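>>> sequence first, then the predicted structure, then my questions.
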Amino acid sequence: MEMKNLAFMMLDQMGRALKMDAEEKRVLFTDGVQSMRMNYYPPCPEPEMAIGFTPHSSADALTILFQLNQTEGLQIQKDGRWIPIKPLPNAFVVNIGDIMEM
């Protein structure tokens, strides 16, 4: 429930910044599907041998990510290139998904 509240607070602030009608936002997100997935990726002794996910974007509205350890793997796409993101200790990373593209 806490993650849902956090997501709605962020969506509310994004909606305000975009001057989006509150009712329109409510209709779009109130009955939506939410899921929680927890993955643990321990540091790999041979990262060059690891097989990860294929490059992809997030199709959902928001992804709230907590990176537990300093294992790298998250990347962003900028100017057609995938750039690794260093984990930030004790921080959430929020990805804005494809559904939010305007």
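Nice, thanks for sending it over.
>>> in stretch 7-19, what's buried?
Under the neighbour-count criterion of 16 or more other Cβ atoms under 10 Å, stretch 7-19 has Ala7, Phe8, Met10, Leu11, Met14, Gly15 buried. In this view, the C-beta of every residue, glycine as well, is placed from N, C-alpha and C.
>>> again with stretch 66-77
Buried, per 16+ other Cβ under 10 Å, within stretch 66-77: Gln67.
>>> which residues sit against that stretch?
Residues from elsewhere that reach stretch 66-77 (Cβ atoms under 8 Å, 6 or more residues apart in numbering): 40-44, 47, 52, 55, 57, 65, 82-89, 91-93.
>>> quick one: average pLDDT of it?
The average of the pLDDT scores along stretch 66-77 is 80.
>>> now the end-to-end length of that stretch.
Taking Cα to Cα, to the nearest Å as the measure, stretch 66-77 stretches 19 Å from start to finish.
>>> the helices in this protein, which residues?
Taking DSSP state H as the test, the helices found in the chain are 2-17, 22-29.
>>> can you list the weak-confidence ranges in the chain?
Along the chain, the model assigns pLDDT under 70 to residues 102.
>>> which residues in it form strands?
62-66, 75-78, 81-84, 92-96 (DSSP state E).
>>> for the ones you listed, which one sits closest to Gln34?
Closest approach to Gln34 among those (Cβ to Cβ): strand 62-66, 9.5 Å.
>>> adjacent strands (with direction) for that closest one?
strand 92-96 (antiparallel) (DSSP bridges).
>>> pull the residues that contact the partner strand.
Contacts of strand 92-96 (Cβ under 8 Å, 6+ apart): Met10, Met14, Ser58, Ala61, Leu62, Thr63, Ile64, Leu65, Phe66, Gln67, Leu74, Ile85.
>>> swap in stretch 36-54?
Here stretch 36-54 has contacts from Met3, Leu68, Asn69, Gln70, Thr71, Glu72, Gly73, using Cβ under 8 Å, 6+ apart.
>>> then it to PDB, C-alphas only?
This file holds the C-alpha atoms of stretch 36-54, laid out as PDB (Å, rounded to 0.1, in the frame of the first residue of the first chain):
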ATOM      1  CA  MET A  36       5.400  -5.500  -7.300                       C
ATOM      2  CA  ARG A  37       8.400  -7.500  -8.400                       C
ATOM      3  CA  MET A  38      11.400  -8.100  -6.200                       C
ATOM      4  CA  ASN A  39      14.600  -9.300  -7.800                       C
ATOM      5  CA  TYR A  40      18.000  -9.800  -6.100                       C
ATOM      6  CA  TYR A  41      21.100  -9.600  -8.200                       C
ATOM      7  CA  PRO A  42      24.200 -10.400  -6.200                       C
ATOM      8  CA  PRO A  43      27.500  -9.000  -7.400                       C
ATOM      9  CA  CYS A  44      28.700 -11.300 -10.200                       C
ATOM     10  CA  PRO A  45      32.300 -12.500 -10.100                       C
ATOM     11  CA  GLU A  46      32.500 -12.500 -13.900                       C
ATOM     12  CA  PRO A  47      30.100  -9.800 -15.100                       C
ATOM     13  CA  GLU A  48      31.400 -10.100 -18.700                       C
ATOM     14  CA  MET A  49      29.900 -13.600 -18.700                       C
ATOM     15  CA  ALA A  50      26.500 -12.600 -17.300                       C
ATOM     16  CA  ILE A  51      23.400 -12.700 -19.600                       C
ATOM     17  CA  GLY A  52      21.000  -9.900 -18.600                       C
ATOM     18  CA  PHE A  53      17.700  -8.600 -20.100                       C
ATOM     19  CA  THR A  54      17.700  -7.400 -23.600                       C
END
